[in-house]
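Participant: Pasting a predicted model and its sequence here:
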Amino acid sequence: GAGVSQSPRYKVAKRGQDVALRCDPISGHVSLFWYQQALGQGPEFLTYFQNEAQLDKSGLPSDRFFAERPEGSVSTLKIQRTQQEDSAVYLCASSLVGSANTGELFFGEGSRLTVL
Amino acid sequence: LAKTTQPISMDSYEGQEVNITCSHNNIATNDYITWYQQFPSQGPRFIIQGYKTKVTNEVASLFIPADRKSSTLSLPRVSLSDTAVYYCLVGGSNYQLIWGAGTKLIIKP
């Protein structure tokens, strides 16, 4: 596709369930970022990849959060044993340039997670 | 990492020019200034990026004074569809960017 694709767009989970959120970046984009956005707030950095290497995961809120990008393209953000405070929109962004640069970030529409 | 300060909200009217100013007193030598726009239920979208002086593209202009401690995003002749949240970001690399709450711009008819 022409843009960054995220799925599912909406996910409702019961507390304690595991969820997986998928991001398909623009083909050929080197960098991939995950953000968490709470209602009325700006995106908060979670983690980023350069190709398949996860270079920074300092923003992941707990060890229940895990992200991977095994072949340097599609990425998955997994949340284990979801809690109500995990409810948010999860945004994925990709960039043609390496993460050490300030090239344009292309965002997906996000995955809205609601934990009941 | 440089943080930014921008107004929480602004109102304007269709057809007006809107200027949103962002303060970034601790900007570093290698930092760029980047603005993104976000509509409800969508991811942010890149508007413009600059380092110094003035940058203009088809949708906006970015004015940066010589000391680079602030910047102004200028949107000419806004329409209702420009109602969105606008983020000012400063950093030398994408992974350094700190996203604040942005400026909620409301355009009235």
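Facilitator: Here it is on my side, so go on.

Participant: count of residues packed around residue 61?
Facilitator: All of this is about chain A. Residues near residue A:61, counting by other CB atoms under 10 Å in any protein chain shown, number 14. For the C-beta atoms, the positions are set from N, CA and C on the backbone; glycine is no exception.

Participant: Oops, wrong one, chain B.
Facilitator: Residue B:61: 17 neighbours (other CB under 10 Å).

Participant: what is the residue lying closest to it once chain neighbours are set aside paired to in the beta sheet?
Facilitator: Closest residue to residue B:61 apart from its sequence neighbours, by CB to CB, 6 or more residues apart in numbering or on different chains: residue B:74 at 4.4 Å. Beta-bridge partners of residue B:74, counted by DSSP bridges, are residue B:19, residue B:61.

Participant: Contacts only, for residue B:74.
Facilitator: Applying CB atoms under 8 Å, 6 or more residues apart in numbering or on different chains to residue B:74 gives the contacts B:17, B:18, B:19, B:60, B:61, B:62, B:63.

Participant: Repeat the analysis, applying 10 Å as the threshold.
Facilitator: B:17, B:18, B:19, B:20, B:21, B:48, B:54, B:56, B:60, B:61, B:62, B:63 (CB atoms under 10 Å, 6 or more residues apart in numbering or on different chains).

Participant: go on, residue B:106?
Facilitator: B:9, B:10, B:11, B:12, B:13, B:80, B:82, B:83, B:84.

Participant: Filter the residues you listed down to the buried ones, PyMOL style.
Facilitator: Selecting only the buried entries of the contacts of residue B:106 in PyMOL, with 16 or more other CB atoms under 10 Å in any protein chain shown as the criterion:
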select buried, chain B and resi 10+12+82+83+84
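
Participant: and the contacts of residue B:106 as CSV, adding secondary structure?
Facilitator: Formatted as CSV, the contacts of residue B:106 follow (DSSP: H, G, I helix; E, B strand; the rest coil):
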residue, secondary structure
B:9, strand
B:10, strand
B:11, strand
B:12, strand
B:13, strand
B:80, helix
B:82, helix
B:83, coil
B:84, strand
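
Participant: what's the closest of the contacts of residue B:106 to chain A?
Facilitator: residue B:9 (11.2 Å; CB to the nearest CB).

Participant: For chain A, what's its nearest residue on chain B.
Facilitator: residue B:43 (2.8 Å).

Participant: Would you mind confirming that that residue makes contact with residue A:110?
Facilitator: Yes - Residue B:43 lies in contact with residue A:110 (CB atoms under 10 Å); the separation is 5.6 Å.
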